[in-house]
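J.: need a 3D model of the sequence below.
(one chain, ligands or ions: 1)
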Amino acid sequence: MQLLSRHVAVIGAGASGLVAARELRREGHTVVVFERGDQIGGTWVYTPEVESDPIGLHPNRNIVHSSMYQSLRTNLPREVMGFRDYPFVAKEGDEERDPRRFPGHREVLQYLNDYATEFGIYEVVRFECEVVFVGLVEGGKWKVKSKSKRGEVLEEVYDAVVVCNGHHTEPRVAQIPGINAWKGKQIHSHNYRNPEPFRDQVVILIGSGTSAVDMSREIAGVAKEVHIASRSVADETIEKHPGYDNLWLHSMIKSAHEDGSVVFQDGSVVHADIILHCTGYKYHFPFLETNGIVTVDDNRVGPLYKHVFPPAFAPSLSFVGIPWKVALFFMFELQSKWIAGILSDRMALPSQEYMMEDVKAFYSLLEASDTPKRYTHNIADYQYGYEDWVATECGCPVSEEWRKQMYFAAIENMVTKPETFRDEWGEYDHLVLQAHEDFKKYAL
Ligand code: FAD
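T.: Numbering: from 1, shown residues only. Modelled structure (predicted):
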């Protein structure tokens, strides 16, 4: 079968852009990866630099891409975190490397560099080159305007665009009645690097995700008091955290006041110095012009067929990495194989009408189950169903049993033993052995 070779622009050289580039080239496409930073790795490029607006809302603030904090270790075991075709195995004996099952962020960046080197991806990346405009031109092609660090603007036309720009840079913050009159300092976790700015302060931390858990413990080590406000606990909750004498768990904040007080739904009042919003991020595609056909509405990117293809533009426009609460690298890899195979005509998409109907049916299901719009891309409850569907479309093996079991064990441990889950993994050694057996099959 004669495969079509297309000229494809990939936006971003984080984990999703790298695997997209690799899979597209493997399928015979020519690829240019645009990266506004000076190195690959996206989120995994740690920098001590923070933005000029600590809460990350000012439209003219300097943008720092990565939200990585100094002490971060992965929240998944490396076997589950890596790509299937290039397993994330420890480089034993190399003192520069971090062999732990849940390694630090630097090790992930080194793994991504190994990946880019192995598959010759550097040669197609244009560094310090920001995509500032993507729009449709005649013939179903896309105009891509990019700007170099020196300010030179280049306009080119591509057969297809794959958007891999990451979704952990544009902060979402909690709406708190009275916050405008409150005099304290507000920070978003995007601008958290280490606990020092919180020393001797009374801190309210909003959120209960992995980063919130890590940060609350770390900050409690230096702060006067830390009060966690969580949407996922009952309204009357107020409890001291076992093992700490300055860490409390509350229900959500009810209001903030000019005198510096913050009132929780549990009725308690705290005079706080800082509110740290660990409240997640928004999808943001400032460069994309689709005449309102593809939109971001309350954090729903749509319409997207299977979270990847906007039906009106499929297959020439696609997105890698939209779903969340999932082992991301493996999903990026499958989505990229699917996009590459569709673009070469080795695989086919259903009609535009069918895809639109599918999206509508999906939205109806979400509505029927009272799922808020902003959770459209939370695929936690069906991630392996989703991935197995994409894998089957691509003719790839479905998720291995060890992969699923290790993922769910990590998630459970994260909740039941948040302080120790990264280092107490012994009971799952049999899954690690199965993973390494499979790695021999998949690795090239
Ligand atoms: P990114 O890594 O964000 O890369 C996007 C790239 O696009 C960046 O390099 C950026 O510079 C570039 N870019 C953006 N806009 C443009 C433009 N207009 N023009 C050119 N280039 C552009 N995942 C895990 O699996 N395990 C973990 O333990 C884990 N921990 C995390 C901890 C934190 C604090 C955060 C924020 C995320 C974590 N994640 C984790 C999720 C992580 O984001 C993903 O693992 C993954 O790295 C995302 O890759 P990406 O390529 O989609 O985006």
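J.: the closest residue to residue 141 other than its chain neighbours is in what secondary structure piece?
T.: Nearest residue to residue 141, sequence neighbours excluded (CB to CB, 6 or more residues apart in numbering): residue 157, at 5.1 Å. No exception for glycine: its C-beta is placed from N, CA and C like everyone else's. In this assignment (DSSP states H and E), residue 157 forms part of strand 153-158.
J.: packing partners of that strand?
T.: Where contact means 3 or more CB pairs under 8 Å, 6 or more residues apart in numbering; DSSP states H and E, strand 153-158 is packed against strand 7-11, strand 141-148.
J.: quick one: the residue nearest to residue 141 and residue 144 touch, right?
T.: Yes. Shown here, residue 157 and residue 144 form a contact pair, counting by CB atoms under 8 Å, at 7.5 Å.
J.: the two: which is more packed in?
T.: Each of residue 157 and residue 144 has its neighbours counted (other CB atoms under 10 Å); residue 144 has more, 22 against 13.
J.: packing partners of the helix or strand of the chain with the lowest mean pLDDT?
T.: Here the helix or strand of the chain ranked lowest by mean pLDDT, DSSP states H and E is strand 238-240, holding a mean of 89. For strand 238-240, the elements it packs on are strand 247-250, judged by 3+ CB pairs under 8 Å, 6+ apart.
J.: what does the strand it packs on contact?
T.: 216-217, 220, 225-230, 233, 237-241, 264-266, 268 (CB atoms under 8 Å, 6 or more residues apart in numbering).
J.: off-centre distance for it?
T.: 27 Å (CA atoms, centre = their mean, to the nearest Å).
J.: helices or strands up against whatever helix or strand comes next after it?
T.: Of the helices and strands lying after strand 247-250 in sequence (DSSP H and E), the nearest is strand 253-256. Contacts defined by 3+ CB pairs under 8 Å, 6+ apart place strand 253-256 against strand 261-264.
J.: residue 233 and residue 223: what is the separation?
T.: Here residue 233 is placed at a distance of 21 Å from residue 223 (CB to CB, to the nearest Å).
J.: looking at these two, which one has more neighbours?
T.: Between residue 233 and residue 223, counted using other CB under 10 Å, residue 223 has the larger neighbour count: 23 against 18.
J.: the more buried one against residue 197, yeah?
T.: No. Using CB under 8 Å, residue 223 is not in contact with residue 197, being 9.8 Å away.
J.: in the stretch 51-200 of the chain, which residue sits nearest the ligand?
T.: Among all residues of the stretch 51-200 of the chain, residue 166 sits closest to the ligand, at 2.2 Å; criterion: CB to the nearest ligand atom.
J.: ok, back up a step: does any part of the strand holding residue 157 sit near the ligand?
T.: No. Using CB under 6 Å from any ligand atom, strand 153-158 stays clear of the ligand, with a minimum separation of 12.3 Å.
J.: pull out the buried positions in that strand.
T.: Within strand 153-158, the residues scored as buried using 16 or more other CB atoms under 10 Å are residue 158.
J.: that one vs strand 7-11, what angle?
T.: Per axes from the mean of the first three to the mean of the last three CA atoms, to 10 degrees, the angle that strand 153-158 makes with strand 7-11 is 130 degrees.
J.: strand 153-158 pairs with which strands, parallel or anti?
T.: In the sheet, strand 153-158 lines up against strand 141-148 (antiparallel) (DSSP bridges).
J.: gap between the residue lying closest to residue 189 once chain neighbours are set aside and the ligand?
T.: Leaving out its chain neighbours, the residue that sits closest to residue 189 by CB to CB, 6+ apart is residue 278, at 4.3 Å. Distance, residue 278 to the ligand, using CB to the nearest ligand atom, to the nearest Å: 10 Å.
J.: so which bits of the stretch 1-150 of the chain are right by the ligand?
T.: 11-17, 34-37, 42-44, 65, 67-68, 72, 74-76, 81, 130-131.
J.: returning to that earlier point: now find how far off-centre the strand holding residue 157 is within its chain.
T.: On CA atoms, centre = their mean, the centre of strand 153-158 falls 28 Å from that of its chain.
J.: and if you look at stretch 130-140?
T.: Distance, centroid of stretch 130-140 to centroid of chain: 25 Å (CA atoms, centre = their mean).
J.: and that stretch, C-alpha only, in CSV?
T.: Output in CSV follows, covering the C-alpha atoms of stretch 130-140 (Å, rounded to 0.1, in the frame of the first residue of the first chain):
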residue,chain,number,x,y,z
GLU,A,130,7.1,30.3,19.0
VAL,A,131,4.0,29.6,17.0
VAL,A,132,1.9,32.7,17.1
PHE,A,133,-0.8,31.8,14.5
VAL,A,134,-2.3,28.7,13.0
GLY,A,135,-5.2,29.1,10.5
LEU,A,136,-6.8,27.3,7.6
VAL,A,137,-5.9,28.3,4.1
GLU,A,138,-7.2,27.1,0.7
GLY,A,139,-7.0,23.4,-0.1
GLY,A,140,-7.4,22.3,3.6
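J.: could you pull up the residues touching the closest residue to the ligand within the stretch 201-350 of the chain?
T.: Per CB to the nearest ligand atom, residue 321 is where the stretch 201-350 of the chain lies closest to the ligand, at 3.8 Å. Neighbouring residues of residue 321 by CB under 8 Å, 6+ apart: 16, 164, 166, 167, 328, 331, 332, 335.
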